[in-house]
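In: below is the sequence, then the predicted model.
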There are 2 protein chains.
Amino acid sequence: MIKLILLDDHPVFVQGVKALFSRDEEISVEETFTSGIDLFKHLAKGDLPDVILLDIDMGKVSGVEVAKNVFQLYSSIKVIMFSTYFSNELISELLETGISGYLLKSTGFGELKSSIKKVADGKFCCSGEIMEVILEGYKNQVTNLDAHEEETKDSGPLSEREVELLQLIADELTMKEIAEKVFLSEHTVKTHRKNLMAKLDVKNTAGLIKKAFILGLIE
Amino acid sequence: MIKLILLDDHPVFVQGVKALFSRDEEISVEETFTSGIDLFKHLAKGDLPDVILLDIDMGKVSGVEVAKNVFQLYSSIKVIMFSTYFSNELISELLETGISGYLLKSTGFGELKSSIKKVADGKFCCSGEIMEVILEGYKNQVTNLDAHEEETKDSGPLSEREVELLQLIADELTMKEIAEKVFLSEHTVKTHRKNLMAKLDVKNTAGLIKKAFILGLIE
DNA sequence: TTGCACTACCACTTTTGTGGGGTTTTAAGT
DNA sequence: ACTTAAAACCCCACAAAAGTGGTAGTGCAA
């Protein structure tokens, strides 16, 4: 049974898709989320799905950023992007990050199902229109063969504690204030912040909060 | 039994919503279409629905145009617009054409269902956010008769320079780095940041970046 | 001519950020 | 049962910023 998670800020959509899979014998929709924060909160618990179907067009919080960080934090999860459109820049960016599929909204349910199965099986899968775009880009790149083996390091998921402290940092509390609030040593809180910055690969508070917001880790 | 027709160029969406209504005892999804042409072909046969749930964001043919034509040709049919966003122009245009509802994509299935029932019953129905916009426009029309545009007074208007520096702060640069980059004194940059924090009413970088993100001031 | 954006300066305190060093607890795997 | 890995906890000292609370000149526009 393939464990699937849906993320789309359109509640009716996720409810609908879940209903479509309700009696499926190969794919089970484990969870559905309408925001990145809920997704990452759930993943932090450790119950990882096989595949995440991810909408790109989600208001402020870009599905692209969510995808990137899913890979960074949980490299085992396959991600299929589901979008209303495609652009060369977006696709090349996504391919580099390691997505397993890219489907257009013109895709029907049958194709969606088979795509999920293929992806769960380790294959890559995308709409025909997308493949054309990719192949065209490939042709142009055949000339210069520089194999760039960039391993996306799995820095591990954020723990619940980390997410909690992250929120408090976003709420403008200093380390001292946070320490008092959650009954921890100020040192400990500083250590957590240090780890947060390392995990999210940022250099300072500004980056930390921006990325946390993009990822929907804070409210 | 309310006869409902769905029109959305997203096949999975319409299939999903249809599935959600499959066992409903009050609403039955008669047909689903992914293009306006198919919809009008069907309507021409004379089997008219009570309500049409219509997506606005449909690539080629705008949902707005479809709505207008539905009213012109079949005035008895109620139309609910279903969209990812809203704009004042769009809404006023749609209200004039005679739509019976306007729901945002953030609407859940339960609210969608109750809205369809209300609309079928002759009422008008829309999301709370939309109503606010409509009411605001109404207020302005009553109280403010001289068409003088006011600035967004949420947090005081930011100057171009301030927004520019705000973005650089969000990009993880320190004051020194920013000063070098934009050829300003470090003192000046610090002053700008100080003013930014005052204008946005925040206490530190964390709050600054969070608020800036919420307000859409940075990317 | 009043206001404001933009620039610049300074002294001072607080906080952040760096780069280490640990222990204890907890969950997972062989 | 034993090992291991990782979360969660704690500590320190130093460097580097951020943040506070002022002052103040310029030039432009309402």
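Out: That came in fine, so what should we check first? Numbers count the residues shown, from 1 in each chain, chains lettered A, B, ... in the order given.
In: look up the pLDDT of residue A:26 for me, please.
Out: Among the per-residue scores, residue A:26 holds a pLDDT of 93.
In: mind listing what's buried along stretch A:199-210?
Out: Residues of stretch A:199-210 classed as buried under the neighbour-count rule (16 or more other Cβ atoms under 10 Å in any protein chain shown) are A:199-200, A:202, A:205-210. Bear in mind the C-beta positions are built from the backbone N, C-alpha and C, glycine included.
In: can you pick out the most distant pair from the residues you listed?
Out: Across the buried residues of stretch A:199-210, the two members that end up farthest from each other (Cβ to Cβ) are A:199 and A:206, 16.4 Å apart.
In: which among the buried residues of stretch A:199-210 are in contact with chain B?
Out: Checked against chain B using Cβ under 8 Å from any Cβ of the partner chain, the buried residues of stretch A:199-210 yield the following neighbours: A:202, A:205-210.
In: could you list which of these belong to helices?
Out: Under the assignment DSSP state H, these contribute A:205-210 to helices.
In: just the endpoints, please. Distance across stretch A:84-103?
Out: Taking Cα to Cα, to the nearest Å, the span from the opening residue of stretch A:84-103 to its closing residue is 9 Å.
In: give me the contact list for that stretch.
Out: Applying Cβ atoms under 8 Å, 6 or more residues apart in numbering or on different chains, the external contacts of stretch A:84-103 come out as A:51, A:56-57, A:64, A:67-68, A:71, A:75, A:78-83, A:104-105, A:111-112, A:115, A:118-119, A:123-127, A:129-130, A:133-134, A:137, A:150, A:152, B:10, B:57, B:59.
In: mind giving me the PyMOL select for those residues, buried ones only?
Out: Here is the PyMOL command that picks out the buried ones among the contacts of stretch A:84-103, judged by 16+ other Cβ under 10 Å:
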select buried, (chain A and resi 51+56+57+64+67+68+71+78+79+80+81+82+83+104+105+111+112+115+118+119+124+125+126+127+130+133+134) or (chain B and resi 10+57)
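In: still on that earlier bit, restrict the ones next to chain B among the buried residues of stretch A:199-210 to contacts with DNA strand C.
Out: A:205-206, A:208 (Cβ under 7 Å from any atom of the strand).
In: possible to save these as CSV with distance to residue B:20?
Out: As requested, those are arranged in CSV below (distance: Cβ to Cβ, whole Å):
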residue, distance to residue B:20
A:205, 43
A:206, 43
A:208, 39
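In: now, which of the residues you listed lie close to DNA strand D?
Out: When Cβ under 7 Å from any atom of the strand is taken as the criterion, the members of these that contact DNA strand D are A:205-206.
In: list the contacts for residue A:63?
Out: Each residue near residue A:63 by Cβ under 8 Å, 6+ apart is listed here: A:7, A:54-57, A:81, A:83.
In: that older thread, so which of the contacts of stretch A:84-103 belong to strands?
Out: A:51, A:78-83, A:104, A:125-126 (DSSP state E).
In: distance of residue A:97 from residue B:165?
Out: 30 Å (Cβ to Cβ, to the nearest Å).
In: ok, the nearest residue to residue A:160 once chain neighbours are set aside - how many residues close by?
Out: Of all residues not flanking residue A:160 in the chain, residue A:44 sits nearest, at 5.8 Å (Cβ to Cβ, 6 or more residues apart in numbering or on different chains). Close neighbours of residue A:44, defined as other Cβ atoms under 10 Å in any protein chain shown, add up to 19.
In: which ones are touching residue A:57?
Out: If you count contacts by Cβ under 8 Å, 6+ apart, residue A:57 has them with A:63, A:83-85, B:84.
In: distance of it from residue A:63?
Out: 7 Å.
In: shaky segments in chain A?
Out: Residues of chain A meeting the criterion pLDDT under 70: A:58-61, A:86-89, A:133, A:135-157.
In: quick check: phi and psi at the residue of it found nearest chain B.
Out: Of all residues in chain A, the one sitting closest to chain B is residue A:16 (2.0 Å; Cβ to the nearest Cβ). When quoted as degrees, to the nearest 10, the phi and psi of residue A:16 stand at phi -60, psi -50.
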